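*Asks:* no FASTA, just this:
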Ligand code: MOS
């Protein structure tokens, strides 16, 4: 690992100095003993170095095994048949031809599927992660257009696919609701997100809006989006007696084991889920019906089963981002100060899940306003259960909010950055809590200088041949969360090797690399002396790779385990050690052992401590405190998004020519992997702005473009050079000083592009995606 070697050379001996620079700060509830994490201030360790992914080489060589790449003896391949009505009953189900087809081992339908409980619905209990809570092939009922109604197992994938095509199904369709207007006419209900109402009011916003000397008031609409991770959803399962072995593509292995156990009436430790490599998750890689169906088919056939969804299959059975209609109205004084901020609207949801797209989340803490009214209403449709998709809420909520602010800036002839700065809140506008750290102004100032914002002209002013050129800006924001991550385990050997175990995930973000850096610094070891194990439900911990919170969740668990390790080592060191009499809070991992933080010459190596105690290993496991920091502080990642577009006056084609994301996400643990996260989020945001739209037939609830030929995502030619930069100002109230970087990149991009399109053309597009027909 030459890159690790390079980094090692660069930092040799520096960890020790860095530990000495640890400064005392206000204690946080999650920090044992109230001592801030020394890594917050560390400037010279592995943390903060652009270290390449440790798993990069095996991925490039094609030897990193993904969920569909575990060949097992006697394995059978599965294919699914999807319903073609939105609601009703199966009238005839003719499987004879499929059963007689070459290579077929099993045809499973509601007639022969084993009895199974519905999936426990996501967020209804600690480890529940089902995307919906419908019966799975238990009777002749159909609940959405695209629901699996038959599964074929065969000796090869081709034989399974062919046999599935021979199955003939007739339906008795029933009245269904598949149009948003019809659903709204049936009445809406207030939305809830993670148990909290998506509703907030302070003062009389309607009256303040009506009285304000300046105002904008508009409706913004965003379409459905389908999950399109590069790795298709896939699972390889085998029953080993009463134990279910699952190779999955998952962002939540512990949740999966518990939830699959619930479906099949097993204890969670009878289900062993591993997911060492995942080709993208984005919120879509949880528990959907394919894992359940694969396990059921394996049980029925007595064979290991591989089920990899086709791309169409992902669109049919894995939910995506739902449709939104959002009103944003802002009333302002002559100086630009907000008197009223209104963000309300309606989203579509199925009856069988609980995720209204929470588009007001960014508005709750972005701007100061004398009055505020926020509300998400839910209309119910008979459709595939929608779900989390990168920055659920913020991705499309910031499109509406940040477009409206641009509209107000234009109406008042104030620079849009200046208008935002005049409304910077001093504390959280809805909770009154202080911000843990908020450097929005710096992100804007630094970004504007780097991007050349001062060169922006009036709408329509800059033309180069057939192209109108414009610049736009928008605020990016995503909350800091930390879900209780459960325990982490550290095993330290007398040879000075540490293994950190936690049921966490690396879907390509670089988790394993960044966590190895953190653990090496924390323990005072080289990176080669640390093994980070994850992606296995048999490991301790209940970590979800979601909500941009995994790094903080793992960090807190490892802090707790490390503290237990230090305590254990001090006990073993005893009275003959230079460490004798010291408290765990005074001691850190330095140079292959423990040392007193402010007196590093009091040092004893791990090898020496363990040898004297006649121990080969020390194993500790500990659980961190509950995430109380989010109750004391308003905690968010921030950013400023700068976009330059070129719009063709003949064709209406939009080309993004430059993009800069200027971020404020606390301490950046690994600039290389974080930059990839930021860039990936921005690229996904360009898709949201210009291309992505699930074409949904409102007559029958059928998704019409379930393929990457017809559902467009950005390709290389669509993506300009993307610059990213960050403040790198540690947040004193999070583990390691870091806030999340995974989702913020997609937020603000839709509005930055739309605002740039307005600056180029004078045309305001309030309906995503911004396709050329809307500009002609
Ligand atoms: Mo994400 S939508 O929290 O995987």
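*Replies:* Everything's here; your move. Please read all numbers here as calculations on a predicted model, not as lab measurements.

*Asks:* Which pLDDT value does the model give the residue of the stretch 201-350 of the chain found nearest the ligand?
*Replies:* Proximity of the stretch 201-350 of the chain to the ligand (C-beta to the nearest ligand atom) peaks at residue 283, 2.6 Å away. Placement of C-beta: from N, CA and C, glycine included. Per-residue confidence (pLDDT) for residue 283: 97.

*Asks:* burial count for the closest residue to it other than its chain neighbours?
*Replies:* Excluding the flanking residues, the one nearest residue 283 by C-beta to C-beta, 6 or more residues apart in numbering is residue 388, at 3.2 Å. Neighbourhood size, residue 388 [other C-beta atoms under 10 Å]: 25.

*Asks:* Would you map the strands across the stretch 651-776 of the chain?
*Replies:* 654-664, 696-697, 702-703, 722-726 (DSSP state E, counting those that start in this stretch).

*Asks:* can you list these in JSON lines and add mean pLDDT and distance to residue 592?
*Replies:* Rendered in JSON lines, the data for the strands of the stretch 651-776 of the chain read as follows (pLDDT from 0 to 100; distance: least, C-beta to C-beta, whole Å):
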{"stretch": "strand 654-664", "mean pLDDT": "98", "distance to residue 592": "35"}
{"stretch": "strand 696-697", "mean pLDDT": "97", "distance to residue 592": "59"}
{"stretch": "strand 702-703", "mean pLDDT": "98", "distance to residue 592": "57"}
{"stretch": "strand 722-726", "mean pLDDT": "98", "distance to residue 592": "32"}
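
*Asks:* In which helix or strand does the nearest residue to residue 621 once chain neighbours are set aside reside?
*Replies:* Take residue 621 and drop its neighbours on the chain: the residue closest to it by C-beta to C-beta, 6+ apart is residue 489, 4.2 Å away. Assigned by DSSP states H and E, residue 489 belongs to strand 488-493.

*Asks:* And residue 280, by the same measure?
*Replies:* Assigned by DSSP H and E, residue 280 falls outside every helix and strand.

*Asks:* Next: residue 73.
*Replies:* With DSSP H and E as the test, residue 73 turns up in no helix or strand.

*Asks:* Please report the distance of it from residue 506.
*Replies:* According to C-beta to C-beta, to the nearest Å, residue 73 stands 29 Å off from residue 506.

*Asks:* still on that earlier bit, pull the contacting residues for the residue of the stretch 201-350 of the chain closest to the ligand.
*Replies:* 227, 251, 387-390, 392, 546 (C-beta atoms under 8 Å, 6 or more residues apart in numbering).

*Asks:* Over to residue 551?
*Replies:* 511, 514-515, 669, 736, 738, 740-741.

*Asks:* that older thread, when residue 73 and residue 506 are compared, which one has more neighbours?
*Replies:* residue 506 (23 against 7).

*Asks:* Skipping adjacent residues, who's closest to that one in space?
*Replies:* The nearest residue in space to residue 506 (C-beta to C-beta, 6+ apart) is residue 512, at 4.7 Å.

*Asks:* TSV for the strands of the stretch 651-776 of the chain, including distance to residue 173?
*Replies:* TSV is the format used below for the strands of the stretch 651-776 of the chain (distance: least, C-beta to C-beta, whole Å):
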stretch	distance to residue 173
strand 654-664	40
strand 696-697	14
strand 702-703	12
strand 722-726	47
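
*Asks:* For those strands, give me a markdown table that also has mean neighbour count.
*Replies:* Formatted as a markdown table, the strands of the stretch 651-776 of the chain follow (neighbours: other C-beta atoms under 10 Å):
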| stretch | mean neighbour count |
| --- | --- |
| strand 654-664 | 24 |
| strand 696-697 | 18 |
| strand 702-703 | 21 |
| strand 722-726 | 20 |
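
*Asks:* Nearest approach to the ligand belongs to which of these?
*Replies:* It is, among the strands of the stretch 651-776 of the chain and with distance given as C-beta to the nearest ligand atom, strand 654-664, at 17.6 Å.

*Asks:* Give me the contacts around the helix or strand residue 294 falls within.
*Replies:* According to DSSP H and E, residue 294 maps onto helix 289-301. Residues from elsewhere that reach helix 289-301, judged by C-beta under 8 Å, 6+ apart: 76, 78, 80, 105-106, 108, 112-114, 116, 119, 131-132, 136-137, 147-148, 151, 153, 233, 235-239, 244, 246, 248, 256, 260, 263-264, 304-307, 309, 313, 317.

*Asks:* hmm, back to that, can you give me the pLDDT of the residue nearest to residue 283?
*Replies:* At residue 388, pLDDT is 97.

*Asks:* Also residue 628?
*Replies:* pLDDT at residue 628 comes out at 89.

*Asks:* repeat for the one 5 residues further on
*Replies:* Note for residue 633: predicted pLDDT of 95.

*Asks:* What is the neighbour count of it?
*Replies:* 21.

*Asks:* That one contacts residue 431, doesn't it?
*Replies:* No - taking C-beta atoms under 8 Å as the definition, residue 633 is not a contact partner of residue 431, at 9.6 Å.

*Asks:* In this structure residue 734 contacts residue 635, no?
*Replies:* Yes - between residue 734 and residue 635 there is a contact under C-beta under 8 Å: 7.2 Å.

*Asks:* The two: which has the busier surroundings?
*Replies:* Taking residue 734 and residue 635 together and counting by other C-beta under 10 Å, residue 734 has the greater number of neighbours (30 against 27).

*Asks:* related to what we said a few turns ago, how close does the residue nearest to residue 621 get to residue 618?
*Replies:* 11 Å.

*Asks:* what's near enough to touch the nearest residue to residue 440 once chain neighbours are set aside?
*Replies:* In space, and not counting its chain neighbours, residue 440 is closest to residue 638: 4.8 Å by C-beta to C-beta, 6+ apart. Going by C-beta under 8 Å, 6+ apart, residue 638 touches 438-440, 443, 475-477, 663-665, 744.
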